[in-house]
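In: Sequence below, structure please.
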Amino acid sequence: MNFHDPKANTLFSPYELGSQKLKNRFVMSPMTRSRAVDGRVPNPIAAEYYAQRASAGLIITEATQVSPQGIGYIRTPGIHSKEQVEGWKKVTGAVHKAGGKIFLQLWHVGRISHSDFHDGKPPVSASAIAAEGKTWTQEGQKDYSKPRALDASELPGIVEDFRRGAQNAKDAGFDGVEIHGANGYLLDQFTRDGTNKRTDNYGGSLENRLRFPLEVVDTVVKVWGPERVGYRLSPYFTGHSMSDSNPLATFSQLTDELNKRKLGYIHVIDSPKAAQRITPVLRELFDGTYIVAEGFDAESAADAIARDEADLVAFGKPFISNPDLPERYKKNAKLAEWDAATFYAGGPKDDTQGYTDYPALA
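Out: Numbering: from 1, shown residues only. Below you'll find the predicted structure:
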């Protein structure tokens, strides 16, 4: 644990994330905005978007696929080509110039995809079980395609994709990376027994189900060192047809393994309003920085910090419509309302709409 007097800490007090000094305890959550341009290169205006929000102690980028196989939505950016790296350099440069810190979120969607993104071939997963729901393709919304189960011989290649993505993020000037192990995407599909029905060394026992996600962690840590790597998890997430017979046991063991590897942080989706919360357990198991996310406001976030339930608190939608969110909370100013219709750029609208056009207080 971080041994300190929690009463001395507030949302606005500085924090040391390993060797990195954060100006406050605010984290901007990773949020898909679907505004990448041709080649899945970050939109040039993404530099302005993220720099506008550099008053957060830490920014975590939108989920960014480590390979073409990891694509599941239109206009999401990648980190697997030279052009993408060059696009991200503009973002990190702008954020650093504005005094901010920024991590890139490494992503592979697994089965949450459609064959349209893969030349008509099925997406991949731990097992050949389809998720219920729809994704946006170039031809509009379509049901998720039934995936094929990955062969064990393919997994080292995906681990290599994450390693390359981690190295590309370093080359692009990021301050660290977050591995997306949450929300029913590929690593989560291997972790939970509702989606992992394998009978090889990557399925069955909890140890086997965690094998592939931890192989990804280990390769990313080799690139960055443990203190600049985070991992996002969502133990009670039930979207994307996700389930697990014992989330407490599954995610306690995963957290214990991440702790053994001395990861810089875990980022846990665990709403303060949820009837069942896992933070009290995982917080005790993890010695590094603990970030909580989902549905926090100024009051509940301040309470989490004051009670030492978390070190940092992540905010999503409020950061979309309030680029200067920490300042607004500090001044007890009214928050601007977000427009859900412009969360994602799907049509002919100007990409700046609902993206870079929310004004700061002054």
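
In: show me where pLDDT drops low in the stretch 101-250 of the chain?
Out: Scanning the stretch 101-250 of the chain for pLDDT under 70 picks out nothing.

In: Show me where it has its helices.
Out: Per DSSP state H, counting those that start in this stretch, the stretch 101-250 of the chain carries helices over the ranges 155-171, 186-191, 206-224, 247-260.

In: The lengthiest strand in the chain vs helix 155-171, what angle?
Out: With DSSP state E setting the assignment, residue counts place strand 58-65 as the longest strand in the chain. Angular relation of strand 58-65 and helix 155-171 on a 0 to 180 degree scale: 140 degrees, by axes from the mean of the first three to the mean of the last three Cα atoms, to 10 degrees.

In: contact partners of strand 58-65?
Out: With contacts defined as Cβ atoms under 8 Å, 6 or more residues apart in numbering, strand 58-65 is touched by 17, 22, 26-33, 40, 50, 53, 71, 76-80, 91, 95, 100-109, 165, 178, 180, 185, 230, 267, 312, 314. In this view, the C-beta of every residue, glycine as well, is placed from N, C-alpha and C.

In: cool, stretch 164-179 as well?
Out: Taking Cβ under 8 Å, 6+ apart as the criterion, the residues outside stretch 164-179 that touch it are 20, 30, 60, 64, 66-67, 79-80, 84-86, 88-89, 91-93, 96, 101-106, 162, 187, 213, 216-217, 219-220, 223-224, 227-232, 264, 267.

In: Among the residues you listed, name the buried ones.
Out: By the neighbour-count criterion of 16 or more other Cβ atoms under 10 Å, the contacts of stretch 164-179 include these buried positions: 20, 30, 60, 64, 66-67, 79-80, 84-85, 88-89, 91-92, 96, 101-106, 162, 187, 213, 216-217, 219-220, 223-224, 227-232, 264, 267.

In: from what I can see V220 touches F162, true?
Out: Yes. Counting by Cβ atoms under 8 Å, V220 does reach F162; the two are 5.8 Å apart.

In: Mutual contacts of the two, please.
Out: Between them, V220 and F162 share the neighbouring residues 106, 179, with contact defined by Cβ under 8 Å, 6+ apart.

In: in the stretch 1-150 of the chain, which spans are strands?
Out: Listed in chain order, the strands of the stretch 1-150 of the chain (DSSP state E, counting those that start in this stretch) span 15-17, 20-22, 26-28, 58-65, 102-107, 124-125, 134-137, 140-143, 148-149.

In: Correction: the previous question concerned the stretch 201-350 of the chain.
Out: Under the criterion DSSP E, counting those that start in this stretch, strands of the stretch 201-350 of the chain are mapped to 229-233, 265-269, 289-293, 312-315.

In: Any chance of those strands in TSV with distance to S252 as columns?
Out: Output for the strands of the stretch 201-350 of the chain, formatted as TSV (distance: least, Cβ to Cβ, whole Å):
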stretch	distance to S252
strand 229-233	11
strand 265-269	12
strand 289-293	14
strand 312-315	21
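
In: so which of those strands is the most packed in?
Out: Of all the strands of the stretch 201-350 of the chain, strand 229-233 has the most neighbours on average by mean count of other Cβ atoms under 10 Å, namely a mean of 28.

In: Quick one: work out the angle between that one and strand 58-65.
Out: Here the directions of strand 229-233 and strand 58-65 differ by 70 degrees (the same axes, to 10 degrees).

In: what's stretch 218-230 in contact with?
Out: Residues from elsewhere that reach stretch 218-230, judged by Cβ under 8 Å, 6+ apart: 17-20, 60, 103, 106, 159-160, 162-163, 166-167, 170, 175-179, 217, 261-267, 288-289, 291.

In: If we use 6 Å, what do you get?
Out: Applying Cβ atoms under 6 Å, 6 or more residues apart in numbering, the set of residues contacting stretch 218-230 from outside is 18, 159, 162-163, 166-167, 176-178, 261-265, 267.

In: and that stretch, C-alpha only, in CSV?
Out: Output of stretch 218-230 as CSV, limited to C-alpha atoms (Å, rounded to 0.1, in the frame of the first residue of the first chain):
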residue,chain,number,x,y,z
ASP,A,218,5.1,-9.7,-19.3
THR,A,219,6.0,-8.7,-22.9
VAL,A,220,4.8,-5.1,-22.4
VAL,A,221,6.7,-4.8,-19.2
LYS,A,222,9.9,-5.8,-21.0
VAL,A,223,9.4,-2.8,-23.2
TRP,A,224,8.4,-0.2,-20.6
GLY,A,225,9.4,-1.5,-17.2
PRO,A,226,6.6,-2.3,-14.7
GLU,A,227,6.0,1.1,-13.2
ARG,A,228,4.9,2.6,-16.6
VAL,A,229,2.4,-0.2,-17.3
GLY,A,230,-1.2,-0.3,-16.1
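
In: Off-centre distance for that stretch?
Out: 15 Å (Cα atoms, centre = their mean, to the nearest Å).
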